[in-house]
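Engineer: The amino acid sequence is not available; the structure is as follows:
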């Protein structure tokens with residue numbers, strides 16, 4: 001039996017007010033993929049964090065820049081990709097939110113949350129910006 005690859009795409013202008021579009025995108029995906037409640041909420045938190053980081057840190061909230069969301073349903077996996085048009089960052093420069101000096105900070109937990117909730121998280125520099133790849137195993 002061959003597995004048909006299903007793909008979804010959306011483009012969001014880089015404004016914090018557009019963060020609500022993440023839920024609309026995931027609901028559209030969920031109509032086809034039919035995730036359980038836990039999977040849906042893990043994706044909701046992780047994708048919201050990734051898009052928020054892309055808007056604020058990647059594109060510096062510049063509404064002329066775009067965030068591209070992609071979702072691919074692969075055998076046993078759901079892959080969500082968030083692409084921004086920013087300069088990227090060095091992962092080793094990101095503070096550990098669990099260190100005592102960072103515990104009370106209001107920000108800095110996004111990557112930690114993504115890594116905690118997803119089965120795999122990858123960051124890749126592209127020609128046009130940075131790509132965050134969120135992998136969720138579906139056969140757990």
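Structural biologist: That came in fine, so what should we check first? Everything numeric here is computed off the predicted structure, so don't read it as measured data.
Engineer: ok but residue 114 is inside a strand, no?
Structural biologist: No - using DSSP: H, G, I helix; E, B strand; the rest coil, the assignment for residue 114 is helix, not a strand.
Engineer: Over to residue 70: give its phi and psi.
Structural biologist: phi -130, psi 150 (degrees, to the nearest 10).
Engineer: Actually, residue 66.
Structural biologist: Phi and psi for residue 66, reported as degrees, to the nearest 10, are phi -120, psi 160.
Engineer: That one reaches residue 11, doesn't it?
Structural biologist: Yes - with contact defined as CB atoms under 8 Å, residue 66 reaches residue 11; the gap is 5.2 Å. (C-beta placed from N, C-alpha, C; glycine too.)
Engineer: Tell me which of the two has more neighbours.
Structural biologist: residue 66 (17 against 10; other CB atoms under 10 Å).
Engineer: Next, the contact list for the more buried one, please.
Structural biologist: Residue 66 makes contact with 11, 12, 13, 14, 59, 85, according to CB atoms under 8 Å, 6 or more residues apart in numbering.
Engineer: Just the residues contacting the helix or strand that contains residue 132, thanks.
Structural biologist: Using DSSP states H and E, residue 132 sits in strand 130-137. With CB under 8 Å, 6+ apart as the test, strand 130-137 has contacts from 39, 42-43, 46-47, 50, 53-54, 58, 76-84, 86-89, 114, 118-125.
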